[in-house]
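Asker: Following is a predicted model, sequence given first.
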Amino acid sequence: MEKQSDLLLDIQHLHTAYRLQGKFYDAADDVNLTLKRDEILAIVGESGCGKSTIASSIIGLYDHQNTKVTGDILYNELNLVGLNESLFNKIRGDKIGMIFQDPLASLNPLMRVGDQVAETLYYHTDMDEKARKARVIELFNQVGMPNPEEMYMMYPHELSGGLRQRVVIAMAIACKPEIIIADEPTTALDVTIQAQILDLLQDIQKQSHSGIVLITHDLGVVAETADEVAVMYAGQIVEKSDVKTIFEHPLHPYTRSLLNSMPQNEGDSDEELLVIHGTVPSLKNMPRTGDRFAARIPWIPASAHEENPQVHEVEPGHWVRCTCWKSFHFEDQPAPQEVNSVSGE
Ligand SMILES: Nc1ncnc2c1ncn2[C@@H]1O[C@H](COP(=O)(O)OP(=O)(O)OP(=O)(O)O)[C@@H](O)[C@H]1O
């Protein structure tokens with residue numbers, strides 16, 4: 001049986017709404033997710049699906065005047081929804097580390113990078129100055145920075161993008177957090193550096209037994225790194241399973257379309273990739289009934305979609321929204337006989 005303490009985050013019925021011209025619109029709509037220790041949970045979807053909204057809801061970094069967060073985000077016994085700011089400040093950076101897409105934006109340009117990591121230790125530990133500096137050097141070693149003592153004295157602009165992201169990662173793991181939220185951590189980096197940073201994140205996760213929420217639009221990153229995957233479309237989780245199942249038995253039309261739009265073989269320029277026509281609806285234009293992806297697969301009859309799509313567990317641990325997957329086919333393929341079970345697909 002799963003030990004209680006293995007569950008790091010339990011997100012239940014999360015709604016995050018932004019105020020637009022005086023009205024609130026859900027950017028995260030009834031999101032249910034869990035993160036366990038020793039697990040990398042990827043949240044994947046196109047731009048505008050609501051991935052970063054989930055990240056900012058977890059870490060409590062949003063404009064409280066114009067954002068309404070409801071539901072539960074349980075970290076151990078503590079509900080992070082509505083948590084007061086002083087308590088959040090203690091948890092953020094200590095129990096929950098954060099890595100964002102643009103390392104330059106995460107770092108203070110006027111401060112030596114070593115001092116920036118040491119500052120996190122100053123706020124969250126009782127280490128003295130000497131101990132903090134020693135810990136920063138140790139962290140720089142851990143994240144694979146060459147000549148850590150020299151690096152300590154550098155300013156962000158003196159480092160490459162990859163080294164800057166290593167500094168941000170050192171800062172995120174400085175206090176040995178149980179949870180790391182990484183929002184598109186490799187998107188701003190060259191492909192070769194991307195792979196190194198993903199390897200580093202995996203190493204950190206294994207060494208520290210933390211849980212990582214990895215937000216990405218890139219299924220290649222998901223395949224390389226994730227244990228569990230939540231596919232997000234238009235504010236909702238449309239499919240959730242372990243990574244093998246998502247890649248081998250994807251069911252929701254959106255997951256299947258995303259996978260078919262991903263290059264399978266590197267360097268194969270003749271390969272025909274699917275283009276998913278249309279765009280993610282804006283918050284104000286979100287369909288109120290039917291599957292939200294329906295407009296982008298117009299050859300599937302409306303009757304195939306549930307009026308109010310529910311999440312179904314089609315096999316243990318594999319969740320899919322709506323039953324339209326049973327009659328889904330790509331436009332240039334014949335319609336399948338409706339299938340009733342995953343194995344029959
Ligand atoms: N502060 C905000 N105020 C109003 N609308 C917002 C705000 N932040 C995000 N949105 C809207 O909420 C929706 C989800 O945005 P979000 O940034 O969470 O998506 P995403 O999947 O992370 O995309 P990206 O990778 O481009 O950031 C989008 O329609 C976006 O325009």
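Answerer: It's in. Nothing here was measured: the structure is a model prediction, and the numbers come from that model.

Asker: can you map out the strands along the chain?
Answerer: Using DSSP state E, the strands found in the chain span residues 7-20, 23-36, 40-44, 67-75, 78-79, 96-99, 179-183, 211-216, 228-233, 236-242, 311-315, 318-321.

Asker: Save the ones you listed as JSON lines, and put in distance to K133 too.
Answerer: Where you see a C-beta, it was placed from the backbone N, CA and C, and this is true even at glycine. Converted to JSON lines, the strands of the chain look like this (distance: least, C-beta to C-beta, whole Å):
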{"stretch": "strand 7-20", "distance to K133": "30"}
{"stretch": "strand 23-36", "distance to K133": "32"}
{"stretch": "strand 40-44", "distance to K133": "31"}
{"stretch": "strand 67-75", "distance to K133": "30"}
{"stretch": "strand 78-79", "distance to K133": "32"}
{"stretch": "strand 96-99", "distance to K133": "20"}
{"stretch": "strand 179-183", "distance to K133": "23"}
{"stretch": "strand 211-216", "distance to K133": "27"}
{"stretch": "strand 228-233", "distance to K133": "38"}
{"stretch": "strand 236-242", "distance to K133": "42"}
{"stretch": "strand 311-315", "distance to K133": "50"}
{"stretch": "strand 318-321", "distance to K133": "47"}
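
Asker: Include distance to V168 and mean neighbour count when you put those into a markdown table, please.
Answerer: Formatted as a markdown table, those follow (distance: least, C-beta to C-beta, whole Å; neighbours: other C-beta atoms under 10 Å):
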| stretch | distance to V168 | mean neighbour count |
| --- | --- | --- |
| strand 7-20 | 21 | 18 |
| strand 23-36 | 20 | 19 |
| strand 40-44 | 18 | 25 |
| strand 67-75 | 22 | 17 |
| strand 78-79 | 25 | 12 |
| strand 96-99 | 6 | 25 |
| strand 179-183 | 10 | 24 |
| strand 211-216 | 14 | 26 |
| strand 228-233 | 24 | 26 |
| strand 236-242 | 27 | 24 |
| strand 311-315 | 34 | 15 |
| strand 318-321 | 32 | 22 |
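
Asker: Around the ligand, pick out the residues from this protein.
Answerer: 18, 20, 27, 45, 47-53, 217, 282-283 (C-beta under 6 Å from any ligand atom).

Asker: Identify, from those, the entry nearest to M171.
Answerer: The closest of these to M171 turns out to be S52 (C-beta to C-beta; 19.2 Å).

Asker: That closest one is in contact with V213, isn't it?
Answerer: No - applying C-beta atoms under 8 Å as the test, S52 and V213 come out as separate, 11.2 Å apart.

Asker: re the thing from before, drop anything exposed from the residues of the chain next to the ligand.
Answerer: Buried residues within the residues of the chain next to the ligand, counting neighbours by 16 or more other C-beta atoms under 10 Å: 18, 27, 45, 48-53, 217, 283.

Asker: how does the protein divide into domains?
Answerer: 4-226, 236-327 (automatic domain parsing).

Asker: taking those domains together, which one is wrapped up most tightly?
Answerer: Each of those was scored by mean neighbour count; the highest is domain 4-226, a mean of 18, by mean count of other C-beta atoms under 10 Å.

Asker: Spatially central residue in the protein, please.
Answerer: Central residue check for the chain by C-alpha atoms, centre = their mean: the C-alpha nearest the mean position is that of I215, 2.2 Å away.

Asker: For it, give its distance to E184.
Answerer: Separation of I215 from E184 (C-beta to C-beta, to the nearest Å): 6 Å.

Asker: so what's the residue in the stretch 201-345 of the chain positioned nearest to the ligand scoring on pLDDT?
Answerer: Minimum separation of the stretch 201-345 of the chain from the ligand (C-beta to the nearest ligand atom) falls at L283, amounting to 4.8 Å. pLDDT for L283: 97.

Asker: Looks like it contacts D26 (just checking).
Answerer: Yes - proximity of L283 to D26 meets the contact threshold set by C-beta under 8 Å, at 7.4 Å.
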